[in-house]
Structure formats: structure tokens, C-alpha cells
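Chemist: Here is my input, please return the structure:
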Amino acid sequence: MINIAQNNYIGFEVLFNHATVGILVADSHSNILMANPFLLNQFGYTKEDITGQPISLLLPCNDTEYSALRKDGSKFPVEVSKGEHSTPEGVLTIIYIMDISDRKTSEQTRQQLDQQKKEAAIKDGTLQRMNSLLNSLWSNAGAMIIVINTDGFIKWFNPAAERILGYKASEVIDIYTPLMLHDQDEVALRAEEFSRQLQQPVEPGMETLTIKAKLNLFNEYEWLYIRKDGSSLPVSLTVSAIREGNDITGYIGIAIDLSSIKEAESELRISLEKERELNELKSRFVSLASHEFRTPLSAILSSVYLVSKYEAAEDVAKRGKHIQRIISSVNMLTDILNDFLSVGKIEEGKIQVRYATFDAAKHIGNILGEMEGLKKSQQNIYYAHHGATQAYLDPTLLKHIVMNLVSNAIKFSPESAIISIRTQCSDSTFQLSVKDKGIGISEEDRQHLFERFFRSQHVSNIQGTGLGLHIVARYAELMNGSVSCNSVPGKGTEFIVSLPFPKN
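Modeler: I've put the predicted structure just below:
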């Protein structure tokens with residue numbers, strides 16, 4: 001045994017033999033000289049087993065933290081601290097070896113807990129972000145979202161549904177089913193449709209809304225929703241089942257308001273129809289013009305040729321007759337072109353109503369004076385005005401109405417016929433009546449009288465475009481007025497135009 005001073009030996013021996021930490025003493029060559037009982041028990045060796053053995057037998061690594069090696073070959077973590085003591089025999093190294101397995105386990109446990117906390121924090125943050133996103137979607141979605149339970153009662157009703165449908169969530173949740181929003185006739189028709197598709201009976205009710213979702217089939221259809229105020233709106237509704245495993249716990253319906261889309265579609269259809277009508281107008285113009293222009297142009301050409309032949313003084317009357325034919329044919333061409341131009345402007349929305357105050361009786365009298373040259377032989381036009389003379393209308397549009405109605409009366413009345421024209425002004429209305437004793441109009445033809453290009457088969461021998469009455473009706477409509485017709489075939493016709501004065 002080592003020679004150690006007596007006064008320190010007793011204290012060292014007590015510490016050495018009863019310490020709860022492993023202690024060994026090594027010489028300057030790192031060979032073990034002594035090992036305390038705790039260390040021997042810790043490593044599974046006897047004093048004889050390790051005395052004289054190198055430290056590396058117990059501590060393969062030379063560091064402050066070691067993986068110590070027991071006799072049975074198992075390893076355990078230790079913490080090592082060293083000190084040196086000089087003696088006459090040389091420098092001794094005192095090594096304290098502490099088993100830190102529990103500490104390592106605690107650290108690992110703490111690290112695991114820390115990791116779990118981090119993961120939980122990440123999950124919690126993700127969940128919060130997801131909840132925030134879902135809440136934002138629920139609150140700000142433009143679509144109506146309605147969630148129902150398996151009994152069909154509404155459990156969730158999002159703000160968009162409240163805003164668009166007019167119901168508060170508190171008014172419908174746990175009280176109503178989505179059927180409150182549906183037209184029952186439409187539900188019944190859709191139930192019949194689904195019954196045919198699925199080849200099984202589908203009840204007209206909640207089953208109609210959920211049957212396809214229950215079967216995992218495509219379930220997006222257009223429906224008509226009814227708002228709280230009774231108005232309706234078209235929607236595209238998708239219904240899906242909410243599942244937990246194989247069990248259905250409810251259904252979610254997402255409805256998109258199609259009102260703006262339907263309006264756009266309607267506007268597009270109107271535009272396309274208008275374009276189609278304009279193209280038809282052009283085609284009819286080409287067809288009609290080629291036919292209607294032929295007669296007056298032929299008359300003009302033949303009259304010009306004949307006028308050139310009548311050079312003698314005694315041929316003045318003959319020249320005058322053909323010159324009058326030329327004038328009449330030119331006027332006819334002008335009327336045809338004016339009709340087409342008027343209809344084109346009406347269809348394109350280019351007619352602007354310009355109201356003015358004017359003397360109605362004088363205005364009508366001037367118009368009739370301009371039309372004197374259109375009368376047939378011995379035809380007479382009688383005009384009378386009643387009431388106030390001042391009218392507040394568009395004088396130009398009124399002139400077109402009068403000229404079209406009077407020219408028709410002249411055209412469809414025989415020679416020597418009387419055409420009666422009457423106007424009347426009240427405080428708020430102007431009324432025009434044009435009555436003839438012509439061929440009259442059948443009840444069947446009166447149903448189509450104001451349609452564009454309509455001409456009765458009974459007047460095919462009389463030249464015309466079929467646009468005059470259409471123009472009259474549209475001009476009256478532009479001034480918020482109306483046109484009516486009373487006629488008896490073979491006895492004559494009366495057209496009555498009523499035009500209200502606009503309120504200032």
C-alpha cells in the first residue's frame with residue numbers, strides 16, 4: 001500500500017471506502033493502483049481483477065464524459081474528473097467516476113418533452129392558422145354555405161347566406177331544413193329526374209337534395225332559391241356528404257348566386273338576337289330593295305327614254321305626263337330608302353326623342369299639304385282639330401307617324417275616296433285618328449300588323465316595304481304612346497295614335 005501521511009490517511013480511507021461515487025488511483029503510467037468499493041461494484045470487478053490494469057480497461061475514451069465499460073461488456077455514461085497528488089514515489093492521479101445514466105435519461109426525457117412541446121407548438125400554430133383560414137373562408141366567402149345534420153336540420157348558416165337570402169342564422173338553425181329555400185314544384189320535378197337516372201324511387205324532399213351525395217355521385221345542379229322576401233334567384237348548388245369513416249354525420253351545401261351570370265347570359269342572348277335581327281334586316285333590305293326598286297327604276301328609265309322622243313311642241317302634254325311619272329318614281333324610291341334608314345336607326349338605338357312645344361293643328365296641316373301630290377284621282381283628305389292647339393311632343397317623329405298613316409290610307413283607298421284625319425289635344429295627351437274607306441284589314445292580319453316586313457297577302461299587288469306601320473308603332477313607343485287599329489274588311493280602317501305629354 002502506498003505510504004501516505006498518517007494524519008490524512010484516515011480521512012482519505014473513510015472517503016475512499018464509503019463514497020457514493022467511483023474513485024480510483026493510478027500511477028504515472030496510467031495503471032490502476034486502487035479502486036474503491038463503489039467503483040468495483042459499479043463495474044463488476046474485484047480489487048484483484050483491476051489492480052495493475054490500465055485505466056483504459058474501464059474508460060476506453062479519454063474525455064470528461066466517457067462511455068464506461070463494465071466487466072460484462074455493457075457500457076454506461078459517466079462523468080470523469082481528475083486530480084493529481086505528488087508523492088516521493090511519483091505523481092498519482094486520482095480519478096472520480098460518476099454514473100450519469102439517470103441524468104442522461106432525464107436529459108433525453110427533457111429533450112423529448114421539449115421536442116414534443118415544439119411539435120405541439122407547431123401543430124397548435126398550424127391549427128390556429130388553419131382555424132383562422134377556415135374562419136376567414138366561412139365569414140368572407142361569396143358563396144352561401146349551409147351545413148345540415150342527418151335529420152336535415154340546418155346547423156350552420158354562413159354570413160353570405162344571411163346576406164343573400166335575408167335570413168339570420170338564429171332564425172333557421174335547428175328550426176328549418178334547406179327545403180325552406182326551394183320551390184316545391186322544382187323539387188318534385190328533380191325527384192322524378194333522379195328517379196329515372198338512379199332507377200329507384202326518390203322522394204321529393206330532403207332525399208332529393210342528398211341522395212346523390214349519399215351515393216358519392218356528382219351532385220351539382222342549378223336550383224331556384226327563394227329569399228325571405230319571396231323573391232327568387234338562380235343558384236348552382238353542390239351538396240356533399242360529411243363522413244366519419246363509413247358513417248355520414250351530415251351534409252354541406254355550397255350555393256353560388258348565378259344572378260349576375262344569368263343577367264350576362266340574357267344580355268348576350270339579346271345582343272346576339274339583335275345582331276341576328278340586324279343581319280336579317282340587311283338581308284331583307286337587299287331582297288326587298290332589288291324587288292321594290294325595279295318597278296320605279298324601270299318607270300324612270302322608260303319615261304326618260306320617251307321624254308327624249310317627244311321633242312315637238314305638240315308633245316308637251318306627253319312630256320309632262322312622263323316627267324310626273326319620273327317624279328313619282330323618285331319619291332317612291334325616296335320613301336323606301338327612308339323606311340329602311342328609319343328602321344335601321346330604331347334597331348341601333350340611334351333615335352333620340354326631342355320634345356318641343358308647337359302648334360299641333362298647324363303642324364299637321366303643313367304635313368298634309370306636302371302630301372297633296374300623293375293623292376289618287378279625286379281622293380279627298382278632310383282634317384279637323386279639336387281642343388287646345390299646343391302640343392308637347394317630338395314634331396319630327398310625329399311627322400313620320402302622320403306621313404306613314406296617311407300615305408297608307410291613300411295607297412289602300414280607291415280613287416274618289418274620302419280620308420278623314422282628326423287630332424285632339426287635352427292637358428296631357430295628343431290623339432291622332434286616320435280613317436279611310438279602303439280595303440280594310442282582316443282580324444288575322446291585324447295580329448301581325450306592326451311586325452317588321454309584314455305585308456298581307458291581300459295587298460301583294462300594291463307596292464310597299466311592310467315597314468311603315470312598324471315604324472309608326474316604334475316611334476309611338478319611343479314617346480311612351482300607343483297605336484290601335486279598328487278595321488272591317490271591305491269597309492275601311494281607322495288607326496288611332498295616343499301620345500302622352502311628358503311631365504316636366
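Chemist: rest of the way, CA atoms for contacts and neighbours
Modeler: Noted.
Chemist: give me the number of residues near E494?
Modeler: For E494, the tally of surrounding residues (other CA atoms under 10 Å) stands at 22.
Chemist: ugh, wrong one, I meant K350
Modeler: K350 has 10 nearby residues by other CA under 10 Å.
Chemist: same deal with the one 5 residues further on?
Modeler: Using other CA under 10 Å as the criterion, Y355 is surrounded by 16 other residues.
Chemist: ok, now the one 4 residues further on?
Modeler: Per other CA under 10 Å, the neighbour tally for D359 reads 13.
Chemist: Can you tell me how far it is from A120?
Modeler: D359 sits 91 Å away from A120, going by CA to CA, to the nearest Å.
Chemist: Now do the spatially most central residue of the chain against L233, distance only.
Modeler: The residue lying closest to the centre of the chain (CA atoms, centre = their mean) is I261, at 4.5 Å. Note on I261: its distance to L233, by CA to CA, is 11 Å.
Chemist: Contacts only, for K491.
Modeler: K491 makes contacts with 437-440, as judged by CA atoms under 8 Å, 6 or more residues apart in numbering.
Chemist: Next, count neighbours for the nearest residue to D72 once chain neighbours are set aside.
Modeler: With sequence-adjacent residues excluded and distances taken as CA to CA, 6 or more residues apart in numbering, D72 is closest to G44, at 7.5 Å. Applying other CA under 10 Å, we find 13 other residues in the vicinity of G44.
Chemist: and G44, what does it touch?
Modeler: Taking CA under 8 Å, 6+ apart, we find G44 in contact with 70-72.
Chemist: For the stretch 101-250 of the chain, give me the ranges with low pLDDT.
Modeler: 124-141 (pLDDT under 70).
Chemist: What segments of it are strands?
Modeler: Along the stretch 101-250 of the chain, counting by DSSP state E, counting those that start in this stretch, strands occupy 144-149, 154-157, 220-226, 232-244, 247-257.
Chemist: Nearest to S420, out of these?
Modeler: S420 lies closest, by CA to CA, to one member of these: strand 232-244, at 51.8 Å.
Chemist: Distance from the chain centre to the closest one, please.
Modeler: Distance, stretch centre to chain centre, for strand 232-244: 16 Å (CA atoms, centre = their mean, to the nearest Å).
Chemist: Double-check G142 against R163; I have them as touching.
Modeler: No. Using CA atoms under 8 Å, G142 is not in contact with R163, being 9.8 Å away.
Chemist: So between these two, which is more surrounded?
Modeler: Set G142 next to R163 and count neighbours by other CA under 10 Å: G142 wins out with 17 against 12.
Chemist: contacting residues for the more buried one?
Modeler: 160, 256.
Chemist: and N31, backbone torsions?
Modeler: phi -100, psi 140 (degrees, to the nearest 10).
Chemist: and it, what does it touch?
Modeler: 51-55.
Chemist: Write a PyMOL command that selects only the buried members of the residues you listed.
Modeler: Buried residues among the contacts of N31 (16 or more other CA atoms under 10 Å), as a PyMOL selection:
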select buried, resi 51+54+55
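Chemist: can you redo the contacts of N31 as TSV with pLDDT?
Modeler: Formatted as TSV, the contacts of N31 follow (pLDDT from 0 to 100):
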residue	pLDDT
T51	91
G52	91
Q53	92
P54	92
I55	89
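Chemist: and the two most separated of the contacts of N31?
Modeler: So, these by CA to CA: farthest apart are T51 and I55, at 9.9 Å.
Chemist: Which residues are in contact with each of those two?
Modeler: What both T51 and I55 touch, as defined by CA under 8 Å, 6+ apart, is the set 31-32.
Chemist: all strands for the stretch 301-450 of the chain, in order.
Modeler: Using DSSP E, counting those that start in this stretch, strands in the stretch 301-450 of the chain cover 356-359, 380-387, 390-393, 418-425, 429-435.
Chemist: K321: which of the ones you listed is closest?
Modeler: strand 380-387 (21.8 Å).
Chemist: who does that closest one touch, helix- and strand-wise?
Modeler: strand 418-425 (3 or more CA pairs under 8 Å, 6 or more residues apart in numbering; DSSP states H and E).
Chemist: packing partners for the strand it packs on?
Modeler: Using 3+ CA pairs under 8 Å, 6+ apart, the elements in contact with strand 418-425 are strand 380-387, strand 429-435.
Chemist: quick one: contacts for the closest residue to I254 other than its chain neighbours?
Modeler: Leaving out its chain neighbours, the residue that sits closest to I254 by CA to CA, 6+ apart is I145, at 4.7 Å. For I145, the contact set (CA under 8 Å, 6+ apart) comprises 138, 156-158, 160-161, 252-255.
Chemist: would you turn those residues into CSV with distance to D229 and neighbour count?
Modeler: What follows is the contacts of I145, written out as CSV (distance: CA to CA, whole Å; neighbours: other CA atoms under 10 Å):
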residue, distance to D229, neighbour count
W138, 24, 17
W156, 21, 18
F157, 18, 21
N158, 19, 20
A160, 16, 20
A161, 14, 23
I252, 24, 20
G253, 22, 20
I254, 21, 17
A255, 18, 24
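Chemist: What are the boundaries of the helices in the stretch 351-500 of the chain?
Modeler: 360-370, 395-412, 443-446, 468-478 (DSSP state H, counting those that start in this stretch).
Chemist: Looks like S67 contacts G73 (just checking).
Modeler: No. When contacts are counted by CA under 8 Å, S67 is not listed as touching G73 (11.4 Å).
Chemist: And the two? Which one has more around it.
Modeler: A direct count of neighbours by other CA under 10 Å for S67 and G73 places S67 higher, at 18 against 9.
Chemist: The residue nearest to the centre of the chain is in what secondary structure piece?
Modeler: Secondary structure assignment for I261, by DSSP states H and E: helix 259-292.
Chemist: what pairs with S67 across the strands?
Modeler: When bridges are called by DSSP bridges, S67 pairs up with P77.
Chemist: need the contact list for it.
Modeler: 59-61, 75-78.
Chemist: Could you do T93 as well?
Modeler: Listed by CA under 8 Å, 6+ apart, the contact partners of T93 are 25-28, 30, 82-85.
Chemist: Out of the residues you listed, which is nearest to T150?
Modeler: K82 (75.0 Å).
Chemist: Neighbours of the closest one, how many?
Modeler: K82, neighbours per other CA under 10 Å, totals 13.
Chemist: State the three-state secondary structure for the closest residue to it other than its chain neighbours.
Modeler: Distances taken as CA to CA, 6+ apart put I95 closest to K82, at 4.6 Å, once the chain neighbours are dropped. The assignment at I95 comes out as strand when based on DSSP: H, G, I helix; E, B strand; the rest coil.
Chemist: Report the separation between I95 and E89.
Modeler: Taken as CA to CA, the span from I95 to E89 is 18 Å.
Chemist: Neighbour count: these two, which is higher?
Modeler: I95 (18 against 10).
Chemist: show me the contacts for the more buried one.
Modeler: 23-26, 80-83 are the contacts of I95 under CA under 8 Å, 6+ apart.
Chemist: Just grab the bridge partners of it for me.
Modeler: Applying DSSP bridges, one finds that I95 bridges with L24, K82.
Chemist: I'd like the distance between it and T20.
Modeler: Taking CA to CA, one finds I95 at 14 Å from T20.
Chemist: go on, F358?
Modeler: In terms of CA to CA, F358 sits 126 Å off from T20.
Chemist: that older thread, any chance of CSV for the contacts of S67, columns pLDDT and distance to L40?
Modeler: What follows is the contacts of S67, written out as CSV (pLDDT from 0 to 100; distance: CA to CA, whole Å):
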residue, pLDDT, distance to L40
L59, 87, 13
P60, 83, 17
C61, 69, 19
K75, 89, 15
F76, 88, 15
P77, 88, 16
V78, 87, 14
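Chemist: quick one: which of those is most hemmed in?
Modeler: Result: V78 is most packed of the contacts of S67 (other CA under 10 Å), 21 neighbours.
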